[in-house]
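# Show me how the following folds:
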Amino acid sequence: MGVLTVRSTETEDELIEEIKKKYSITVNTKALLYAAQRCMQLEKENADLKRDRANLQAQVSDYRRGSLDLLSGIAQLTKLTNK
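From the prediction side, this is the model:
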């Protein structure tokens, strides 16, 4: 177990107090560690969501391309049957 000493500004103290209140944490260092852990979790979630979004955008692009091909085929068939 290590000792953690943090020299914080008044603004940083206010932020720590907000974290303590929001998450019902009583000790400043535990609030900081909680915030750090949560930050890492959220970064991972954000990266996962960005990857999912890119995959969905690629899927939408494929659907658009397929629907344009389908519309083009229908137009071609209509043209051929109207002769």
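# taking the mean pLDDT, what do you get for the helix or strand hosting Asp13?
Element membership for Asp13, per DSSP states H and E: helix 10-23. Model confidence over helix 10-23, given as mean pLDDT, is 97.
# buried sites along it?
Residues of helix 10-23 classed as buried: Ile16, Ile19, Lys20 (neighbour count, 16 or more other CB atoms under 10 Å). (C-beta placed from N, C-alpha, C; glycine too.)
# by contact count, what packs against the helix ranked longest in the chain?
Taking DSSP state H as the criterion, the chain has its longest helix at helix 28-81. Judged by 3 or more CB pairs under 8 Å, 6 or more residues apart in numbering; DSSP states H and E, the packing partners of helix 28-81 are helix 10-23.
# Give me the distance between the helix it packs on and the centre of its chain.
Centroid separation between helix 10-23 and its chain, computed with CA atoms, centre = their mean, to the nearest Å, is 24 Å.
# Remind me what that helix packs against, helices and strands.
Using 3+ CB pairs under 8 Å, 6+ apart: helix 10-23 touches helix 28-81.
# between the helix it packs on and helix 10-23, how many degrees?
Per axes from the mean of the first three to the mean of the last three CA atoms, to 10 degrees, the angle that helix 28-81 makes with helix 10-23 is 70 degrees.
# for helix 28-81, the distance to its chain's centre please.
Taking CA atoms, centre = their mean, one finds the center of helix 28-81 at 11 Å from the center of the full chain.
# avg pLDDT for it?
Taken as a whole, helix 28-81 has an average pLDDT of 95.
# quick one on the thing from earlier: what's the closest of the buried residues of helix 10-23 to Gly73?
The closest of the buried residues of helix 10-23 to Gly73 turns out to be Ile19 (CB to CB; 58.7 Å).
# so that closest one makes contact with Ile25?
Yes: using CB atoms under 8 Å, Ile19 makes contact with Ile25 at a distance of 6.7 Å.
# Just the residues contacting stretch 74-83, thanks.
Here stretch 74-83 makes contact (CB atoms under 8 Å, 6 or more residues apart in numbering) with no residue beyond itself.
# Tell me the gap between that stretch and the middle of its chain.
What separates the centre of stretch 74-83 from the centre of its chain is 46 Å, taken as CA atoms, centre = their mean.
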